[in-house]
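**Student:** with the input below, show me the fold.
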Amino acid sequence: MIINLLSLSEGAKKANGVVVIIDVYRAFTTQSFAFERGANSIINVADTQKAVDYKSKGYGYYCMGEIDGKRPTGFDFGNSPKDLENIDINNKILIHCTMNGTTGAELAENADVILGAALINAKATANYIKSINPSVVSLVSMGSRNLNNSERRTEEDELCAIYIKSILDNSPLNPKTIVELVKDCKESTKFGDPLQPQYPEYDKIQALRINEFEYPIIIKKEDNFLVSTKS
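**Tutor:** I've put the predicted structure just below:
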């Protein structure tokens, strides 16, 4: 098994084989949390207007997502487990748009299989990859992108990729060590900051629940949609 470590949008574009799009803060933590709360499936989009249009046409029940960390106009929820905490989403189809995670899934056009990963489902993702035993795996750390489309790598996504690779290599790193390293990352410091209420502490707590979600997120083309389901 060849394992490629890639980053950012260019990494997603060149990724091939089984492509794992990694977004710890917060896209695939949010999707895992939504599936824990009973969501049926999640439509991934990279454009906020497309998300709103899909909802208006009845393709999904709620829109959730973010632009620069904040809930876009016309969306029901942010890209946030906290926003979903007390909402009935059981058996509902959600529409999800983020600047990094769902965008990365759309960019992975050379993939044979697309998976969405974060720390919360890292082991489940690795175990699924082992079960299908592909010849090539591309682990894409999506990092952070701002409104000017400037991108940068982020420690939490890169560490998640390294952790998944360690499981695939049958030499797993200590998950507690990974969590402690992520806690000290730059991106972690904004959660709970009263000056940035779009980043609640609750979302960091969910993101650090390493390996607690026991299913991989499989993203497939269905008709014209890019749909996440839990395996």
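
**Student:** what is the helix or strand hosting Gln49 packed up against?
**Tutor:** Here Gln49, judged by DSSP states H and E, is contained in helix 48-56. The contact analysis (3 or more C-beta pairs under 8 Å, 6 or more residues apart in numbering; DSSP states H and E) places helix 48-56 against strand 41-45, strand 62-65, strand 93-97. (C-beta placed from N, C-alpha, C; glycine too.)

**Student:** from the chain's centre, how far out does the longest helix seen in the chain sit?
**Tutor:** For the chain, the helix with the greatest residue count under DSSP state H is helix 155-168. Relative to its chain's centre, helix 155-168 lies at 14 Å (C-alpha atoms, centre = their mean, to the nearest Å).

**Student:** quick one: list the elements packing against that helix.
**Tutor:** If you count contacts as 3+ C-beta pairs under 8 Å, 6+ apart, helix 155-168 packs onto strand 2-7, strand 17-22, helix 122-132, strand 136-141, helix 175-183.

**Student:** Glu85 contacts Pro200, correct?
**Tutor:** No - between Glu85 and Pro200 there is no contact under C-beta atoms under 8 Å: 9.6 Å.

**Student:** the more surrounded of the two?
**Tutor:** The neighbour comparison of Glu85 against Pro200 (other C-beta atoms under 10 Å) goes to Pro200, with 19 against 12.

**Student:** any idea how far that one is from Leu8?
**Tutor:** 26 Å (C-beta to C-beta, to the nearest Å).

**Student:** what pLDDT does the residue nearest the centre of the chain get?
**Tutor:** Most central in the chain under C-alpha atoms, centre = their mean is Phe28, positioned 2.4 Å from the mean C-alpha point. If you check Phe28, the pLDDT there is 98.

**Student:** any idea how many residues pack against the closest residue to Ala27 other than its chain neighbours?
**Tutor:** Distances taken as C-beta to C-beta, 6 or more residues apart in numbering put Gly101 closest to Ala27, at 2.5 Å, once the chain neighbours are dropped. Using other C-beta under 10 Å, Gly101 has 32 neighbouring residues.

**Student:** lowest average confidence, helix or strand, in this structure?
**Tutor:** strand 144-145 (a mean of 92; mean pLDDT, DSSP states H and E).

**Student:** contacts for that one next, please.
**Tutor:** Here strand 144-145 makes contact (C-beta atoms under 8 Å, 6 or more residues apart in numbering) with 8-9, 99-100, 103, 151-152, 154, 187.

**Student:** among those residues, name the buried ones.
**Tutor:** For those, a burial check counting by 16 or more other C-beta atoms under 10 Å picks out 8-9, 99-100, 103, 151, 154, 187.
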